[in-house]
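**Student:** Next input, structure requested:
(one chain, ligands or ions: 1)
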Amino acid sequence: MNIFSLKNKKAIVTGGSSGIGRAISIVLAKQGALVYILDMDEKGANETITSIQKNGGNGVFKKCDISIKKEVDDAIKSAAGSEKKLDIIINNAGIAHIGNIEKTLAEDFNKLFSVNVKGVFYVMKSAIPFLKTNGGVIINMASIAASVGIKDRFAYSMTKSAVVGMTLSVAKDYLDYNIRCNCISPGRVHTPFVKGFLKKNYPGQEMDMFEKLSKSQPIGRMGRPKEVANLVLYLCSDEASFITGSDYAIDGGFSRLNN
Ligand code: NAD
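**Tutor:** Have a look, this model is predicted:
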């Protein structure tokens, strides 16, 4: 018996064209879920779907900017289909911004808020009616930046704290509908998100900075997208039936052991 089977489940994964979202899409599809990737990056989504198909799974791309409500509503409605049903919602898409409060422009703040907060709000608001009949699982990607002071992450930390707050609120409000809502707070995970950060902020020294960042993690390296995806899989499965309203750090010890 496969205790993590997601056969006959329909999953939405935002940001499934890259990094952690790609790994989540592949892992969920491998367990039998039909995965709908909501992202703006079609090329990346096609690469994810090719990997899914190599493992015998099914993935569908829905081009969608999660910061635009109409695009979210249309994508979610079409994924729910005539049976008006969804089972798993993974709010993974997110963007970063580097800077303390003085270096954060109002435009930066608004942009981060639009994607990382409003995007998660729009997806949950649109999807919950399709989870209510049969119950379901929502997982929101927060960050340890919500609970630990991280240098030069003013706007980003604000958005991820909001993700934790929205998660708790939804978990509480939908207990009676058998909808479990949790969030995950990764530490540093090696994805294009981190590669872009190094390229932009340390041009020409990316490798040195990568080594330095890796060594600064208590466990001595950055996380791998698949490691986060495995936690997502567990939380989506019926094996996690007692877990709702929680925030899981997956950070190689960063938030508790860095002293
Ligand atoms: P990534 O940049 O590799 O992938 C992000 C994906 O989101 C991309 O496919 C991108 O096209 C998509 N996306 C961005 N804006 C979008 C929008 N408006 N609408 C739809 N799709 C959009 O990033 P990643 O490292 O895989 O990060 C995934 C999530 O994990 C993010 O929410 C991030 O904040 C969080 N996180 C990452 C790390 C890390 O170290 N990588 C640490 C903590 C939290």
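**Student:** Would you map the helices across this protein?
**Tutor:** Assigned by DSSP state H, the chain shows helices spanning 19-30, 42-54, 69-80, 106-112, 119-131, 154-173, 192-201, 206-215, 225-236, 254-257.
**Student:** could those helices be laid out in CSV, adding mean pLDDT?
**Tutor:** Below are the helices of the chain laid out as CSV (pLDDT from 0 to 100):
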stretch, mean pLDDT
helix 19-30, 98
helix 42-54, 98
helix 69-80, 98
helix 106-112, 98
helix 119-131, 98
helix 154-173, 98
helix 192-201, 85
helix 206-215, 92
helix 225-236, 98
helix 254-257, 94
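**Student:** could those be laid out in TSV, adding distance to residue 148 and mean neighbour count?
**Tutor:** All C-beta atoms are positioned from the backbone trio N, CA, C, and that covers glycine. Output for those, formatted as TSV (distance: least, Cβ to Cβ, whole Å; neighbours: other Cβ atoms under 10 Å):
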stretch	distance to residue 148	mean neighbour count
helix 19-30	19	26
helix 42-54	29	17
helix 69-80	30	18
helix 106-112	18	14
helix 119-131	20	22
helix 154-173	9	20
helix 192-201	17	14
helix 206-215	15	13
helix 225-236	17	20
helix 254-257	5	16
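**Student:** what separates the nearest residue to residue 200 once chain neighbours are set aside from the ligand, distance-wise?
**Tutor:** What sits nearest to residue 200 in space, not counting adjacent residues and going by Cβ to Cβ, 6 or more residues apart in numbering, is residue 98, at 7.7 Å. Per Cβ to the nearest ligand atom, to the nearest Å, residue 98 is found 13 Å from the ligand.
**Student:** For burial, what's the neighbour tally of residue 98?
**Tutor:** Residues near residue 98, counting by other Cβ atoms under 10 Å, number 16.
**Student:** Mind listing residues that contact the top strand by length along the chain?
**Tutor:** For the chain, the longest strand by residue count, based on DSSP state E, is strand 179-186. Strand 179-186 has contacts (Cβ atoms under 8 Å, 6 or more residues apart in numbering) with 20, 128, 131-132, 135-144, 146-147, 160, 163-164, 167, 170-171, 174, 223, 228, 231-232, 235, 240-241, 243-251, 255.
**Student:** May I see the helices of the chain organised as JSON lines, with distance to residue 2 added?
**Tutor:** Shown next, in JSON lines, are the helices of the chain (distance: least, Cβ to Cβ, whole Å):
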{"stretch": "helix 19-30", "distance to residue 2": "10"}
{"stretch": "helix 42-54", "distance to residue 2": "17"}
{"stretch": "helix 69-80", "distance to residue 2": "24"}
{"stretch": "helix 106-112", "distance to residue 2": "39"}
{"stretch": "helix 119-131", "distance to residue 2": "23"}
{"stretch": "helix 154-173", "distance to residue 2": "27"}
{"stretch": "helix 192-201", "distance to residue 2": "31"}
{"stretch": "helix 206-215", "distance to residue 2": "34"}
{"stretch": "helix 225-236", "distance to residue 2": "11"}
{"stretch": "helix 254-257", "distance to residue 2": "32"}
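**Student:** could I get these as TSV with distance to the ligand?
**Tutor:** Below are the helices of the chain laid out as TSV (distance: least, Cβ to the nearest ligand atom, whole Å):
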stretch	distance to the ligand
helix 19-30	2
helix 42-54	5
helix 69-80	8
helix 106-112	9
helix 119-131	6
helix 154-173	7
helix 192-201	3
helix 206-215	10
helix 225-236	6
helix 254-257	10
